[in-house]
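Undergrad: Below: sequence and its predicted model.
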2 protein chains.
Amino acid sequence: MERVLASIPPDRFENSLAAAASATEALLDRLLPETGPAPRLVKAMRYAALGPGKRLRPFLVIESSRLFGVPEARALAVGAALECLHCYSLVHDDLPAMDDDDLRRGRPTLHRAFDEATAILAGDALLTFAFEILSRPEVHPDAEVRVKLIGELARAAGKDGMAGGQMLDLEAEDGRKLELEQVLTLQAMKTGALFRFAATAGAMLGGADPVPLGAYGRAIGLAFQIADDLLDVSSSAAALGKATQKDHARGKATFVDLLGEAGARRRADELVAEADVALAPYGARSNMLRAAARFIIGRRK
Amino acid sequence: MERVLASIPPDRFENSLAAAASATEALLDRLLPETGPAPRLVKAMRYAALGPGKRLRPFLVIESSRLFGVPEARALAVGAALECLHCYSLVHDDLPAMDDDDLRRGRPTLHRAFDEATAILAGDALLTFAFEILSRPEVHPDAEVRVKLIGELARAAGKDGMAGGQMLDLEAEDGRKLELEQVLTLQAMKTGALFRFAATAGAMLGGADPVPLGAYGRAIGLAFQIADDLLDVSSSAAALGKATQKDHARGKATFVDLLGEAGARRRADELVAEADVALAPYGARSNMLRAAARFIIGRRK
């Protein structure tokens, strides 16, 4: 695998990621003009969706789309929808009744910059807007494809996916220490489901089998969460742009608690290897996705 | 018009409404089984979606669908999705950071019965689930129709619709008294957009022109809000199952403030007449929708 990896030097990966981020932000900027009947709401939505961010999920949509020759405008539209949905989840997770965070990506969280009611509504409107974007013909001329993406995103984000995972995560604060198996389920729902959607979106747009990319998405989703837990113990709030070590302090079982720091790092490496195996059918064309897996476990924030 | 109205006696209307409510609740009960990985979340979603309610919006979907011979199972599925979305909006509107209500439909609001975090998440999950339902083939075999419904519902519920209207409503609490024209815009977004969606859903499902039903929906949406403001001054919390006179106390301009009680009643009657005019193309087949308009302005809660 090292030979394959060597073909994408880190700076080329970072340039690609930055280009995808710029293109996604340009599209979001166009999709969310500061006009309309409720300007304060749009301002709050823009604060959440257009603030600093790696745009990792849109990048995965774009790169998985490349495997199937999907026109980039379509991948960008799906990426923008997914980013709206991801940003809504950050806004609601940060609320005082949820994780109660004041800092996100180095800036005040939305409810601190605006107010709590505006943050709730802006999250609601971003979630709604994600589905509005996916309903548009720019996403794909075939409505069957659009409706498939909508159904999959709703399942990934809903009661059996991200929202359900966040519920389990909040319940885990009540002192009940979770076993590894339970944390794996929780994280597969809370973080994994959106990564899985991002990775399979290209196959859905390209009319291809989404199963191999589903396995890739599952692996990197979990790797992302493990890396998050590792960063949480090793980084400062200043470096990370958000509060650190809150999960551990709340008695939540993190992967570092469950596996130890070395064990967590080992598991992350294994997941990158699993991601490589999942990408085997696509050969060297999927090198950027392989590099993404390595970036996820090596990231500093 | 009185002659046309006479063809639907009040008890027949109420039986139809009750039948639509039962069918909608049976479907929601089936769509939201108490299984799955996050049982507490589903329990909260069920509390919100399956508690007491008139199911007026699903009723409008069902009745508008009848005009075009749409199979009832399709109308019911759209009605169930719309009810999920409506119930999410009630849950989030009731939150402490929003309207801060303890009572809804005669029971504790969701954040009182559960907790605030669960209420936020259950609202999010109901909103998401609405789009999941609409993506399913049971709604309509043609994906173009499903994706049209999804786009219209997202627009009705989003930044330029319900969520935007709620934002304007919250801003109106800041002491700035709104003019009639502004309150009309606000209410058309906050309440009207979902009624309009409900009324036009039948035409979308039936492949018919949604414009006449859009005018009907707009009229009854506004009539509904005026009736709400009238109930708010004339009813007790016990009769209404929720707190009363909060809007007025908060300095929000209600239709009763702006038009006076008699003026508001007159305007509601005019809107029923407008609804009748909009339904003219459908003749006596639309008598149940005419009766719905009268029910809306005559309701006691």
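TA: In hand now; what should we look at?
Undergrad: Grab the most central residue of chain A for me.
TA: In chain A, the C-alpha nearest the mean C-alpha coordinate belongs to A:Arg57, at 4.7 Å (Cα atoms, centre = their mean).
Undergrad: That one contacts A:Ala80, doesn't it?
TA: No. When contacts are counted by Cβ atoms under 8 Å, A:Arg57 is not listed as touching A:Ala80 (10.3 Å). Just so you know, the C-beta spots here come from the backbone N, C-alpha and C atoms, and that holds for glycine as well.
Undergrad: Common neighbours of the two, please.
TA: Taking Cβ atoms under 8 Å, 6 or more residues apart in numbering or on different chains as the contact rule, A:Arg57 and A:Ala80 touch no residue in common.
Undergrad: Other residues contacting the helix or strand containing A:Ile62?
TA: In this structure, A:Ile62 sits in helix A:56-66 according to DSSP states H and E. Helix A:56-66 has contacts (Cβ under 8 Å, 6+ apart) with A:16-17, A:20-21, A:23-24, A:72, A:74-76, A:78-80, A:82-83, A:86, A:194-195, A:198-203, A:205-206, A:213, A:217, A:220, A:224, A:285, A:288-289, A:292, A:296.
Undergrad: Would you mark the buried spots in it?
TA: For helix A:56-66, a neighbour-count test (16 or more other Cβ atoms under 10 Å in any protein chain shown) marks A:Leu56, A:Arg57, A:Pro58, A:Phe59, A:Leu60, A:Val61, A:Ile62, A:Glu63, A:Ser64, A:Ser65, A:Arg66 as buried.
Undergrad: and the very next helix or strand once past it, anywhere near chain B?
TA: Remark: after helix A:56-66, the chain's next helix or strand is helix A:72-94, criterion DSSP H and E. Yes. Contact of helix A:72-94 with chain B (Cβ under 8 Å from any Cβ of the partner chain) involves A:Tyr88, A:His92.
Undergrad: chain center to helix A:72-94, what's the gap?
TA: Chain-centre distance of helix A:72-94: 8 Å, with Cα atoms, centre = their mean, to the nearest Å.
Undergrad: okay, the angle between that helix and helix A:56-66?
TA: Relative orientation of helix A:72-94 and helix A:56-66, computed by axes from the mean of the first three to the mean of the last three Cα atoms, to 10 degrees: 150 degrees.
Undergrad: Could I get the CA-only coordinates of helix A:72-94 as PDB?
TA: Extracted as PDB, the C-alpha positions of helix A:72-94 are listed here (Å, rounded to 0.1, in the frame of the first residue of the first chain):
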ATOM      1  CA  GLU A  72     -18.100  18.200 -10.900                       C
ATOM      2  CA  ALA A  73     -21.100  20.600 -10.600                       C
ATOM      3  CA  ARG A  74     -23.300  17.700  -9.500                       C
ATOM      4  CA  ALA A  75     -20.800  16.500  -6.900                       C
ATOM      5  CA  LEU A  76     -20.400  20.100  -5.600                       C
ATOM      6  CA  ALA A  77     -24.200  20.500  -5.200                       C
ATOM      7  CA  VAL A  78     -24.400  17.300  -3.100                       C
ATOM      8  CA  GLY A  79     -21.300  18.400  -1.100                       C
ATOM      9  CA  ALA A  80     -22.900  21.700  -0.400                       C
ATOM     10  CA  ALA A  81     -26.100  20.000   0.800                       C
ATOM     11  CA  LEU A  82     -24.100  17.700   3.000                       C
ATOM     12  CA  GLU A  83     -22.100  20.600   4.500                       C
ATOM     13  CA  CYS A  84     -25.300  22.400   5.400                       C
ATOM     14  CA  LEU A  85     -26.400  19.300   7.200                       C
ATOM     15  CA  HIS A  86     -23.100  18.800   8.900                       C
ATOM     16  CA  CYS A  87     -23.100  22.500  10.000                       C
ATOM     17  CA  TYR A  88     -26.600  22.200  11.400                       C
ATOM     18  CA  SER A  89     -25.500  19.300  13.500                       C
ATOM     19  CA  LEU A  90     -22.500  21.300  14.900                       C
ATOM     20  CA  VAL A  91     -24.800  24.300  15.700                       C
ATOM     21  CA  HIS A  92     -27.400  22.100  17.600                       C
ATOM     22  CA  ASP A  93     -24.700  20.000  19.300                       C
ATOM     23  CA  ASP A  94     -23.100  23.200  20.700                       C
END
